[in-house]
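Below are the sequence and a predicted model for it; my questions follow.
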Amino acid sequence: MISQADRDRLRRHIRQEQEKVRRDIVYLGAQSGPVAPSNAIGRLSRMDAIGARNINGAKLRDARSRLVLLDYALTRIDHPDFGLCTSCGDPISLARLQFLPESRFCVECAG
């Protein structure tokens, strides 16, 4: 069972993570736009730029997904079953929740 003090700390941590992810989304959104043909020095440079854009696009999708999960975690933090594994029902360790506050599975079930 997670104490109220731990829930309050997790709530603050989730809000900090949300702000960080929002900043990442803005940055990655700017980095994952189209690559103009005039930006290339040569064929290889353009291919590198397109590859970087694709990587940033994947990171952007991951960041958006994580923000949704963090938002959901914040709405559930005061529910009695917050911090319980949705698979086995065992408590999720506080250390795991501090590292990944959006975790819905204990380490064993996540594996």
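Good, I have the coordinates.

which residues sit in contact with Leu97?
2, 10, 83, 103 (CB atoms under 8 Å, 6 or more residues apart in numbering). Any C-beta I mention is one placed from the backbone N, CA and C, and that applies to glycine too.

Quick one: find the helix or strand in the protein with the lowest mean pLDDT.
Using mean pLDDT, DSSP states H and E, the weakest-scoring helix or strand in the chain turns out to be helix 43-76, at a mean of 89.

What's the first helix or strand after it?
Remark: after helix 43-76, the chain's next helix or strand is helix 94-99, criterion DSSP states H and E.

Flag every buried residue along that following helix.
For helix 94-99, the buried set under the neighbour-count rule, 16 or more other CB atoms under 10 Å, comprises 96-97.

Could you check how far the spatially closest residue to Asp71 that is not a sequence neighbour is from Leu97?
Leaving aside its sequence neighbours, Asp71 sits nearest to Gln18 (CB to CB, 6 or more residues apart in numbering; 7.1 Å). The gap separating Gln18 from Leu97 is 15 Å, by CB to CB, to the nearest Å.

for the residue nearest to Asp71, what are its contacts?
When contacts are taken as CB under 8 Å, 6+ apart, Gln18 is in contact with 67, 70-71, 74.

and the gap between it and Tyr72?
11 Å.

didn't Ser93 look like it was pressed against Cys106?
Yes. Ser93 is within contact range of Cys106, at 7.2 Å (criterion: CB atoms under 8 Å).
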